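Participant: Here is a sequence together with a model predicted from it:
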Amino acid sequence: MRRTSRNVGTPVRAFIYAVVIHIIFGALLGVSLLIQPRAVTPAPPRPVQAKAIDLAAIEREKQRIVQEKKKAAEHKKKLEAEKKKKAQAEKKRKAEEKRKAEEKKKKAAEHKKKLEAEKKKKAQAEKKRKAEAERKRKEAEKAKKVAEAKAQREHDESEAVSAFGAVAWAIKEQVSKNWSEPGDFSGLSVEFFVKVDREGNVLSVKMTRSSGDARLDESAENAIFKASPLPFPGEPRFYEYLKEFNFIFKPES
C-alpha cells in the first residue's frame, strides 16, 4: 500500500514542480527585463494536461487497488475455504478413525465375549460329560452291587432252603409229638403259614387251607404252638429267608 501511495503522489509532485519551475522562470524573465530592457517575445505557454492525466492515473490506481483488494479478498476467501475444507476433511478423517477404532474395539469385545461363551459352553459340556460319566459309573456300580446282592441273596436263599430242608423232618416230628386227637383222620391234611423268631419260637400260626375237619384243624394249630421252639437253622443270615414258611400237617393213621 505504501508503494501505491508513492506512485499516486508522483504526478502531484510533478505538477507542483512544473508550477514552481514556471514561477522561477517567470521571475528570472522579469529580472532579465529589468537588467536589459529589450523587447522579449514571451514563449507561448504550453498547455498543461497534468491534472487530467493525474486524475486518470488516480482513477486507474483506485481501480487497481479495488481489484487488488477484490483479489486479496477472493484469495483470503479461497484460503479460508481451503482451510475449512481441510478442517472438515481432518474432522472427517478423525471421525472415521474413531469409528474404525470403536468398531475394532467392538469386534474385539464381541470376539472376547464369543470366546468366553464358547469357553463357558465347553466347560458346561465338560461338566455335563463328567456328571454323566459319574452318573453312569454310579449306576454301573449300583447295578453291580444289586447284581452281587441278588446273587448273594439267591445263594443265601439256596443255602437257607437247603438248611431248612435238613430240619423240616425234625419240625414235623416235633409237631407230631405234641399232637394228640382221637379219631380217624386218614387222608386228611391241613396247611398253615407259620412265623417264628431267630430262635425258632412260634410267633403266629395262620391256617391257609383247612382239612375239612374242625377238630383236626384246631388240634394241629395247637400242636404247632406246643412244639415251640421249633428246630431252626443256626446261621443268622438264613433267618430272613426262613422266618415265615408254609407247614402242612398230616396226622398219622
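Facilitator: Noted; the coordinates are in hand.
Participant: neighbours around residue 190, how many?
Facilitator: Residue 190: 23 surrounding residues under other Cβ atoms under 10 Å. No exception for glycine: its C-beta is placed from N, CA and C like everyone else's.
Participant: helix, strand or coil for the closest residue to it other than its chain neighbours?
Facilitator: Counting by Cβ to Cβ, 6 or more residues apart in numbering, residue 190 lies nearest to residue 211, which is 4.0 Å off, once chain neighbours are set aside. With DSSP: H, G, I helix; E, B strand; the rest coil as the basis, residue 211 sits in coil.
Participant: Give me the phi and psi angles of residue 211.
Facilitator: phi -80, psi -10 (degrees, to the nearest 10).
Participant: give me the number of residues near it?
Facilitator: Residue 211: 19 neighbours (other Cβ under 10 Å).
Participant: Could you do residue 161 as well?
Facilitator: The burial count for residue 161: 15, using other Cβ under 10 Å.
Participant: Which of the helices or strands spans the residue nearest to the spatial centre of the chain?
Facilitator: Taking Cα atoms, centre = their mean, the centroid of the chain lies closest to residue 117, which sits 4.8 Å from it. Assigned by DSSP states H and E, residue 117 falls within helix 50-177.
Participant: Return the list of helices and strands in contact with that helix.
Facilitator: helix 2-35, helix 214-227, helix 239-242, strand 244-249 (3 or more Cβ pairs under 8 Å, 6 or more residues apart in numbering; DSSP states H and E).
Participant: now it and strand 244-249, what's the angle there?
Facilitator: On the basis of axes from the mean of the first three to the mean of the last three Cα atoms, to 10 degrees, helix 50-177 is oriented at 20 degrees to strand 244-249.
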